[in-house]
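A predicted structure for the sequence below; I have some questions about it.
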Amino acid sequence: MKFVEKAVVFVLLLMYGSSCVLGVGQAFSQAGAGTEVCVHPDEVMVKVGEVFDVYVNVCDVFGLQGFDFMLTYDTDVLDCLGLEEGTFLSSFGDTFIAMNEVDDKFSSELGRVWFAIAILGEGYADGSGTLAVLRFNATAVGESVLNLYSDYPHKPDEVKLTTCGLQAIPNIAMDGYVVVEHCSNGCDPPDPPDPPANGVDPPSPDVNNDGFVNILDLAMIAGAYGASAGDDVYDVKVDLDENGLVNICDVAICALVFGQNV
């Protein structure tokens with residue numbers, strides 16, 4: 001067992017030293033009943049030079065307190081720009097990141113990401129949600145499998161999911177697939193958009209101004225959901241239709257361009 005693996009186990013053992021709110025037997029019997037961990041979308045088509053996100057999601061899990069997965073990709077086609085924690089575990093309690101690694105030289109042809117997180121204390125997660133968000137840059141025409149698996153010991157079709165008492169949650173890992181095509185315009189930068197008629201830019205669906213519309217922007221809108229102009233939590237940046245109220249219309253505007261560069 002490698003040092004990092006031992007460190008992860010040690011941290012988890014410390015965290016689970018106290019009694020767990022959900023009984024071990026109950027959690028284990030519920031977990032694994034159809035639990036899936038998948039790359040979403042399962043197939044992505046992009047152009048050379050395009051930056052895009054994919055998500056590692058879990059479906060139908062019970063009593064989840066920690067996860068550990070690896071994902072490989074073809075470095076002749078893709079460059080991994082980074083990965084970050086999804087919203088699922090953190091919505092059930094404070095989390096600890098035990099491993100966050102991007103290795104573009106994992107092998108002669110493959111890069112690898114390795115991500116491991118656990119909930120601190122006695123919290124646990126039930127249901128479905130996003131475990132991690134991975135950002136890639138499409139560097140060349142070609143195809144790449146996003147191979148999701150676990151190691152130590154190697155399991156090609158399963159990731160590590162743990163519940164109370166460090167019991168493993170059986171699951172099925174489902175890979176993703178990326179197709180990178182030539183730029184339709186020869187990779188010249190697109191023409192700038194026409195300026196607004198009143199000279200003032202409307203609020204952008206890219207609420208956090210990172211150049212990409214994703215779950216982070218939707219989360220910021222959700223944080224002010226239901227607020228109206230004058231409320232403490234109201235933010236004009238997330239009132240995308242500029243009607244003085246943050247509601248489903250603003251979510252829909254953002255969702256319409258979800259996954260796009262802006």
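That came through, no problem.

and residue 135, what element?
strand 125-138 (DSSP states H and E).

so how far is that strand off the chain centroid?
What separates the centre of strand 125-138 from the centre of its chain is 2 Å, taken as C-alpha atoms, centre = their mean, to the nearest Å.

ok, it: who's next to it in the sheet?
Counting by DSSP bridges, the strands paired with strand 125-138 are strand 51-64 (antiparallel), strand 78-85 (antiparallel).

okay, those strands, which one's buried deepest?
Ranked by mean neighbour count, those are led by strand 51-64 with a mean of 22 (mean count of other C-beta atoms under 10 Å). To be clear about C-beta, it is placed using only N, CA and C from the backbone, and glycine gets the same treatment.

return the list of helices and strands in contact with the helix or strand just after it.
Next in sequence after strand 51-64, counting helices and strands by DSSP H and E, comes strand 66-74. In this structure, strand 66-74 packs against strand 36-40, strand 51-64, strand 110-119, strand 125-138, strand 142-149, strand 160-162, with contacts taken as 3 or more C-beta pairs under 8 Å, 6 or more residues apart in numbering; DSSP states H and E.

show the average pLDDT along the helix or strand hosting residue 98.
Per DSSP H and E, residue 98 falls inside strand 95-103. What strand 95-103 shows for mean pLDDT is 92.

buried ones in it?
Buried residues in strand 95-103, counting neighbours by 16 or more other C-beta atoms under 10 Å, are found at 95-96, 98-99, 102.

could you dump those residues into CSV with distance to residue 253 added?
Formatted as CSV, these follow (distance: C-beta to C-beta, whole Å):
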residue, distance to residue 253
95, 30
96, 35
98, 37
99, 36
102, 32
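
list just the nearest of the residues you listed to residue 248.
Comparing the buried residues of strand 95-103 against residue 248 with C-beta to C-beta places residue 95 closest, at 28.9 Å.
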